[in-house]
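In: coordinates for the following, if possible.
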Amino acid sequence: QPVVVQLLLRFSVTILPMQWLIYWFWQLIPANPILMRIVHGGSRRVRHLWVRMGYVGVMVMLVMLALASGGGIGQDISMTALAKAGAHVFARIAYGQVVLICLLSPLFMAGAISAEQQGKTFDIMLTTPLSNLQIVFGSLLGRLYFVLALLISGLPLFSVLLIFGGVPVSAVFVSFAVAGLSALLMGAVAVTLSVLRIGGRKAVVGFVIGVAGYLVAGYMLDVTLLRNFPIIPNGTNYLTPLHPLLVLSSYLDSANYHAPSPDDLVGYSEFSKLYLSHPFGVFAVVTTMLSVSMLTFCSLWVRMIGQGQSQWVYKLKKKLRMGKAAGERRRPPRTVWTNPIAWREASTRGKVAAGIVGKWAFVIIGWFAGALLLWLYHTKRLPAMTTTGGTGMPLHLVFRSILVTLLLLELAVISLVALYMSASCVSREREDRTLDLILTTPVTPKSYIWGKLRGLVSFLTMMLTVPVVTLAMVGAYSWIGQQQQWPLAMVNYKVGSASASYPLMIPEAAVLLVLMLVPFIGFCVMVGMNWSVKSKGVLGAVIWSVGILSAISLVLGFCGYNAAASIPVVGPIINSFSPVTHLLVVINPYETVSGMLETPDSGRWNLFLGACMAAAGYSVMVYVLLLNIVRNFDQTVRQLSGNG
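Out: Here you go, the predicted model:
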């Protein structure tokens, strides 16, 4: 009997707690009712199937086109050239994947809690036996599942690049781990903002701008400043483990940017050695700990959403929004435009604290980064970089590479903000029932849609000045340097057997960019608004808008970029319709436009003609979309309202 009692005691001490722990974990994640509802419902939708198929199709197209442009496809390709092309393709796609995950995850995650509130199911959920952890983790993981599924679907495609050589196996898993951890952190931040009632769709624009601002500011701070004071030559620094793109660079570009070994850190503390020598490990630990901490905080506060806000949250929101005292309803008089819809979109968008801080932080950081980059180039303090062949890169090519990266990130942020704001402008009003009130007023569909377009473009004007002012500064530097005979303001090119010297950037570069960029952003707004009118929810409109604009820019970009280098007059015109390749050509036209080195004046006129044609083309498309939306507005809105 003592033996039996001893066995029972051991069973109760070891087995029963283990069973309880397994059951608790099973109910928290695998059998979470919220997670199962979101995953099962979304997995059966044809829309999500098309999104997954479209993502994989775009990735396959990117790999093939990047291989072709990088010299990996053709006759008499050596194994060395194939390995270099594979490494080049993998690096570019890995960087793009991380950037897209960081910018798109907030759009998927921002409604994690607010969607339940607007659907009137959150109050019912609070009355169920679901725990706080089940509510928070179910809402987060249900939406994180689709982001991670997209990442996993591209894993076989990335693995194919290993056949070419030049890419270590560890780099594949590191790139996907960095993207997955970034998505987890973005989701945790979005859920925290939603639980505090300062998130959701109102602050998502500021959230996206803040994330993009951190990516741009961190990358530029490292490239332009910290690499001039390295711990070891071509080594990482204290910022590397805190930035996803820098962590990825330490693995994919180890020849120019690698982590120091513990033997190189003599005299440093053990913590510094561990921190500096393992950037990916530190990044994984930091993102995981931050995510777990925020989710734990959310699990303690999520029940208070249904019980009303706490006093300190109310006071914090009131101070950040500069609100009046309780019961105060008066405001200073404001002048409203002729079109009240346009004034409302331009004046009231982004007025929460996150939107204001994010918008102006993006503008100030962008201006400062451009000026700092130009100053470092003029003083010859830019970091040294090497080409794929291992040779040193000239200083003007280093400057252009960093400038292209900076401007492409800024352009991606502006386009995504324009798409999300336009894709949610009508869907949001349909969801909160304010569209029904607008339809009872004398506002016509034409004035409503035109007001939305004008107001959103006016709101984005300050953000549009960031890349334009950056190019204007470089163009002014090139023009003044040409007059003052600054050596770095001119670049030597080979023209046949002779050589010629041209400015670092053509002076009218900013004009060429603004001619094309403003109508293109208007086109982005109209595409998003078109799907916002047709879609019931915000997420569906955003997905379709981003997918369509990405496909259009991708096709026009690859076709136009090759045409600009081979076709004298028509090539620059075709290329001008893609914002990415148009920016690449404007920054370096002498090596990307056919005949530019021989006849620079005619080449510059061709670029101006192409920018004007692109502006006219996008303006016509905006007008056609406007007429189409106005023509079917009443029927579409009432049909969706009837099915609501």
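In: which stretches of the stretch 401-550 of the chain form strands?
Out: Along the stretch 401-550 of the chain, counting by DSSP state E, counting those that start in this stretch, strands occupy 490-495, 498-503.
In: the spatially most central residue of the chain and Ile364: what is the separation?
Out: Centroid-nearest residue in the chain: Leu103, 2.9 Å away (criterion: C-alpha atoms, centre = their mean). Here the criterion is C-beta to C-beta, to the nearest Å. By it, Leu103 lies 20 Å from Ile364. Quick note: C-beta positions are derived from backbone N, CA and C, even for glycine.
In: make sure Arg381 is indeed in a helix.
Out: No. With DSSP: H, G, I helix; E, B strand; the rest coil as the criterion, Arg381 is coil rather than part of a helix.
In: show the backbone phi and psi for it.
Out: Main-chain dihedrals, Arg381, degrees, to the nearest 10: phi -110, psi 10.
In: Leu49 - how many residues pack around it?
Out: 12 (other C-beta atoms under 10 Å).
In: could you do Ser299 as well?
Out: Neighbour count for Ser299, taken as other C-beta under 10 Å: 17.
In: next one: Ala31
Out: Using other C-beta under 10 Å, Ala31 has 12 neighbouring residues.
In: kindly report the same for Thr127.
Out: Neighbour count for Thr127, taken as other C-beta under 10 Å: 8.
In: for Asp222, give me its contacts.
Out: 237, 239-240, 243, 246 (C-beta atoms under 8 Å, 6 or more residues apart in numbering).
In: pretty sure Gly560 contacts Phe577?
Out: Yes. With contact defined as C-beta atoms under 8 Å, Gly560 counts as touching Phe577 (6.3 Å).
In: tell me which of these two has more neighbours.
Out: Neighbours were tallied for Gly560 and for Phe577 using other C-beta under 10 Å; the higher tally belongs to Gly560 (26 against 22).
In: following the host helix or strand of that one, which helix or strand comes up?
Out: Per DSSP states H and E: Gly560 is located in helix 538-566. As assigned by DSSP H and E, the chain's next helix or strand after helix 538-566 is helix 570-575.
In: next helix or strand past that next one?
Out: Counting by DSSP H and E, what follows helix 570-575 is helix 579-587.
In: mean confidence score for that next one?
Out: For helix 579-587, mean pLDDT rounds to 88.
In: same for it, what does it pack against?
Out: Applying 3 or more C-beta pairs under 8 Å, 6 or more residues apart in numbering; DSSP states H and E, one finds that helix 579-587 contacts helix 395-431, helix 461-484, helix 509-534, helix 538-566, helix 570-575, helix 600-631.
In: could you dump those into TSV and include mean pLDDT and distance to Thr379?
Out: Below are the helices and strands packed on helix 579-587 laid out as TSV (pLDDT from 0 to 100; distance: least, C-beta to C-beta, whole Å):
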stretch	mean pLDDT	distance to Thr379
helix 395-431	83	11
helix 461-484	92	12
helix 509-534	90	22
helix 538-566	74	32
helix 570-575	84	33
helix 600-631	90	28
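In: how many residues are close by Thr461?
Out: Residues near Thr461, counting by other C-beta under 10 Å: 11.
In: meant to ask about Thr440
Out: Neighbours around Thr440, by other C-beta under 10 Å: 7.
In: so it versus Lys452, what's the distance?
Out: From Thr440 to Lys452 the distance is 18 Å (C-beta to C-beta).
In: ok, Trp531 - contacts?
Out: Counting by C-beta under 8 Å, 6+ apart, Trp531 makes contact with 423, 540-541, 544-545.
In: try 7 Å this time
Out: Applying C-beta atoms under 7 Å, 6 or more residues apart in numbering to Trp531 gives the contacts 423, 541, 544-545.
In: try Gly213
Out: Residues counted as contacts of Gly213 (C-beta under 7 Å, 6+ apart) are 358, 361-362, 365.
In: change it to 6 Å
Out: 361-362, 365 (C-beta atoms under 6 Å, 6 or more residues apart in numbering).
In: on that earlier part again, let me have the helices and strands packed on helix 579-587 in CSV, adding distance to Gln134 as columns.
Out: Shown next, in CSV, are the helices and strands packed on helix 579-587 (distance: least, C-beta to C-beta, whole Å):
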stretch, distance to Gln134
helix 395-431, 25
helix 461-484, 39
helix 509-534, 33
helix 538-566, 23
helix 570-575, 52
helix 600-631, 42
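In: most surrounded residue in the contacts of Gly213?
Out: The contacts of Gly213, ranked by neighbours (other C-beta under 10 Å): first place Phe362, 25 neighbours.
In: and the helix or strand harbouring that one with helix 395-431, angle?
Out: Using DSSP H and E, Phe362 sits within helix 353-378. Orientation check (axes from the mean of the first three to the mean of the last three C-alpha atoms, to 10 degrees): helix 353-378 against helix 395-431 gives 170 degrees.
In: who does helix 353-378 touch, helix- and strand-wise?
Out: helix 204-224, helix 395-431, helix 461-484 (3 or more C-beta pairs under 6 Å, 6 or more residues apart in numbering; DSSP states H and E).
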